[in-house]
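Novice: Everything below, folded, please.
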Amino acid sequence: GGVRVVLLPGDAATVPDGARAGIGPEGPAIEAPRSWAAARTALRFTSAAEPVVWWERLGGLAALADKLSPPELADLPDVRGLDSLAAEHHGPDTLAALDALCATGSARKAAAVLHRHHSTMPARLARAEAVLGFEVDSPAGRFRLHLALMLRRLRDNADLG
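Specialist: The predicted structure is shown next:
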């Protein structure tokens with residue numbers, strides 16, 4: 001049996017619904033500090049759409065946590081584009097749609113996850129593409145979009161690491 005560190009912000013005994021968790025790798029008890037550090041990194045990649053992140057599933061994304069500062073992340077064009085979308089009137093809905101698109105792989109499935117009619121997605125995606133400057137509903141576009149969303153989370157959650 002090994003030890004796995006699960007890091008929840010705040011007091012774990014009083015965490016309300018909607019809490020987030022970063023989960024570090026399992027290992028012998030002597031490795032608990034390493035699992036703790038990994039759990040802190042995983043916590044930085046959480047969001048309301050993805051409240052639990054396992055460090056082991058981050059792959060190469062975990063390395064970015066220590067390589068780019070919040071100002072460097074904020075200066076990336078794709079992150080700036082997401083910030084512009086977030087500031088718009090329907091910004092939170094648009095970002096939720098983009099998160100759902102990355103999670104499901106299709107606009108129709110994303111609409112179902114969001115409990116929206118699928119006809120609402122084309123306008124949101126078109127607006128996102130206009131602001132971001134790339135197609136979001138293609139394999140390459142979804143990869144770029146997902147990376148931008150993860151980098152934005154990393155920036156926004158810098159105080160959790």
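Novice: Okay, buried residues for stretch 117-127 please.
Specialist: For stretch 117-127, the buried set under the neighbour-count rule, 16 or more other C-beta atoms under 10 Å, comprises 121, 124-125, 127. Placement of C-beta: from N, CA and C, glycine included.
Novice: and which of those is nearest to residue 87?
Specialist: Using C-beta to C-beta, residue 127 comes nearest to residue 87 of the buried residues of stretch 117-127, at 12.6 Å.
Novice: So which other helices or strands are in contact with the longest helix along the chain?
Specialist: In the chain, with assignment by DSSP state H, the single longest helix is helix 139-156. Packing partners of helix 139-156 (3 or more C-beta pairs under 8 Å, 6 or more residues apart in numbering; DSSP states H and E): helix 61-64, helix 70-74, helix 77-87, helix 91-104, helix 121-132.
Novice: Hey, what's the angle from the third one to helix 91-104? Just curious.
Specialist: Looking back up the chat, that one is helix 77-87. Angle between the axes of helix 77-87 and helix 91-104 is 130 degrees (criterion: axes from the mean of the first three to the mean of the last three C-alpha atoms, to 10 degrees).
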